[in-house]
Every structure is written in structure tokens, then in C-alpha cells.
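Got a predicted model here, sequence first, then my questions.
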Amino acid sequence: MGFIITIKLWLIFLGRLFEAVFPTNIVLLCFSWRGLKECWKSPGGRFLIILIVEMIISRLIIFFSGLPYQGRYLYPLAICLAIIAACGLDRLISLLKEIKALKSAFATKITSVMIILMVAICIGKGLWYSSDKLWIKEVSSFVQKSAVSFSVRPVLISGVDDLRLAYYSNAEYLRLTFKDFSRYLLPEPRPRCQIQKTVRTSEDARTWVPIFSAITAKELDEGFKKIEAPKVFLFLEDKDKEIFDMFEEAKIPFPFKQVAIFREGKKKTFVLYERIEQ
């Protein structure tokens, strides 16, 4: 199971990296290996390659440590990879010149067309407006308005890992996870799920620590009831069914009721639940 989770985490990391790196650079990186050999011969080139390797390792450590991870962490790496990607332009043009239909074309024409095409793709990506994650403020506004008073904060338990929900909602933010278990106070046997909160470990770092862990739905239900707050919300992506499976298997009523639905285009649907008070 741990091996599968590791593969999933790698795919998530690579997905975020591909989002940060422009598509033209990803293509050129596939043809840049020969240019890298020449780049390695110069001190400046060696420094750049070593810098990129160190940046990749540091960002992998941050990502796999379970700390909140923002896409902006990859932007410096994307800029450095763009420099390396330039090494692949000559190799790609050489391969295009070997194509029978393009042999009669001048090298300058092929180069000009390639540059125009890459610039057009980059401009298109840079100017493309994406309205994703508008739901963050919508959910936060809904939770914030539910506060009994300014002195009593609601609790937002989220299966969607995004700390901006805590910032905009002004709620006590807890994370529900079925895989990213904290290394702190991890009980034996291995829990099925865990409710966590963030704590500051140093001046600039924060980490997740467990409030409680649960192996069964009954334990999870008891944990939800122990949260002392007038309003407790649970925010999940619609496709996350594992928590519902737990309660269905145990034949225990789900302790939350659905109160709102939020959508991100046609791709994702998120559901906000409120704890049923007894």
C-alpha cells in the first residue's frame, strides 16, 4: 500500500511541475540532452545544472514531508529549466531538417516557424484566464457567515488540502486525511484516517499533528462529537467516498448533513457538510 501511495505522490508532484513549466519547454527538454553535455563543460553551465538538481531535491523534500505545498514553489525551478530547454532547440531543428518534406526548406525558415510557434503557444498559455478555485472564497464566505459571533470561530474540517480555506473563512482549520498520516504521535495499529491541525515548529515552518486517529467509523464519530464548537463543517471533493464507505460498512448514521455544493467548471464538484447536533 505504501508503494502505491508513493507512486500517487510522485504523479501529483510531476503534475504540479508540468503545470508550472510551459508546454514548449517540456518538449524542448526532451531534445536537450546533447546540449547538456556541452553545457557541462563550462563552469556557468555546471553551476546551473547543479542548482537545478538542488532545487528539485529541496522541493521534493518539502512535498513528501507533508507540509502545505503551493505551486509557486516550483516557479524558480521552471525558470531554470527554461534555460536548459533552450539547449534542445538546435537538436529539434536538426531532426526536422531530416524530414523528407522539409529538406528543401531553409534552416532559417524552419527556425523562424519554430520560434513563432513556441511564442504563440506561450502567449496563449500566459493569457489564458482560468477561473479555477473560485470555490475557495465561496466556501470560506459561507463558513464565515455561520459564525455565532466574532469571538466564537466555526471549525472547518477539510478533505481538500488548501490552507487558503482557513485564511478566508477565519475558521479553525482541521485536515481530514486517509493517507498523509503525521509522524507525530502515530498510534499502532495504523489508523484508517486522521484529523490533523497545523502547529508552528520553528519561526517559519509549520507541520501537521494529529488531534485524533480512527480505525473504525465509531471512533471517527466519537472524535467528531468531541470537537467543541457551535458550528462544525466538513468540506470534501464529491469523488472522495472513503469516509462514507466507513460509516456504511459500520451501519452508523453519517454525523453531517449536506448544506452546499460548489463547482470548479465541469471538472470538479465540492460538497460542504454541517455537523448534526444531538
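The structure has been received and is ready for your questions.

just the helices in the stretch 1-150 of the chain please.
2-20, 23-29, 33-40, 43-64, 75-85, 87-97, 107-127, 135-145 (DSSP state H, counting those that start in this stretch).

Please enumerate the helices of the stretch 151-278 of the chain.
According to DSSP H, counting those that start in this stretch, the helices that the stretch 151-278 of the chain contains are 164-169, 217-226, 242-250.

In CSV, list these along with mean neighbour count, distance to Leu272 and mean pLDDT.
Where C-beta positions appear, they are placed from N, C-alpha and C, glycine not excepted. Below are these laid out as CSV (neighbours: other Cβ atoms under 10 Å; distance: least, Cβ to Cβ, whole Å; pLDDT from 0 to 100):
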stretch, mean neighbour count, distance to Leu272, mean pLDDT
helix 164-169, 18, 10, 80
helix 217-226, 17, 15, 89
helix 242-250, 15, 14, 89
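
Minimum distance to Trp40: which of these has it?
helix 164-169 (40.9 Å; Cβ to Cβ).

what's the closest one packed up against?
In terms of contacts (3 or more Cβ pairs under 8 Å, 6 or more residues apart in numbering; DSSP states H and E), helix 164-169 is packed against helix 135-145, strand 155-158, strand 172-177.

can you give me the offset of stretch 112-121 from its chain's centre?
30 Å (Cα atoms, centre = their mean, to the nearest Å).

Give the buried residues for it.
For stretch 112-121, burial by neighbour count (16 or more other Cβ atoms under 10 Å) applies to 114, 118.

follow-up on the earlier one: for the helices and strands packed on helix 164-169, which one ends up most surrounded?
strand 155-158 (a mean of 24; mean count of other Cβ atoms under 10 Å).

if I read this right, Ile93 contacts Lys109, doesn't it?
No - between Ile93 and Lys109 there is no contact under Cβ atoms under 8 Å: 10.5 Å.

ok, those two, which is more surrounded?
Using other Cβ atoms under 10 Å, the more surrounded residue of Ile93 and Lys109 is Ile93, with 17 against 10.

Next one: that one from Glu38, what distance?
Distance, Ile93 to Glu38, by Cβ to Cβ, to the nearest Å: 16 Å.
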